[in-house]
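Colleague: Just the structure for this:
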Amino acid sequence: MPTQFELRQKNAQFANAVKAGKKAVKPSRQEQLSKRNPVSLWALGIVLFVVVGGVLFELARILFL
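Modeller: Sure thing, here's the model as predicted:
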């Protein structure tokens, strides 16, 4: 198991490599959250269901009443 000094040294090397312009192995949490869609898929589905359903009911009301 690496010592605490070795871990700090490796972390410093990694941070310097990232600052130098090399890509990080894993994107940061902030980057992941910025790429995430602000509206979840199920919420979008519910909104579309209500809108499309409303349009269909209005068309039925106009055509049949």
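Colleague: three-state assignment of K26?
Modeller: Look at K26: counting by DSSP: H, G, I helix; E, B strand; the rest coil, its state is coil.
Colleague: Could you check how far N37 is from A12?
Modeller: 35 Å (C-beta to C-beta, to the nearest Å). (C-beta placed from N, C-alpha, C; glycine too.)
Colleague: ugh, typo on my part, it should be V39
Modeller: For V39, the distance to A12 - C-beta to C-beta - is 40 Å.
Colleague: One more: R36?
Modeller: R36 is 30 Å from A12, by C-beta to C-beta.
Colleague: again with K19
Modeller: Counting by C-beta to C-beta, the gap from K19 to A12 is 10 Å.
Colleague: Measure how far the lowest-mean-pLDDT helix or strand in the chain is from the centre of its chain, please.
Modeller: When the helices and strands of the chain are scored by mean pLDDT, DSSP states H and E, helix 29-35 comes last with a mean of 78. Here helix 29-35 shows a centroid-to-chain-centroid distance of 6 Å under the convention C-alpha atoms, centre = their mean, to the nearest Å.
Colleague: average pLDDT across stretch 56-65?
Modeller: Mean per-residue pLDDT for stretch 56-65: 93.
Colleague: go on, stretch 11-22?
Modeller: In the prediction, stretch 11-22 has an average pLDDT of 83.
Colleague: quick one on the thing from earlier: what are the buried residues along the least confident helix or strand of the chain?
Modeller: For helix 29-35, the neighbour count (16 or more other C-beta atoms under 10 Å) marks no residue as buried.
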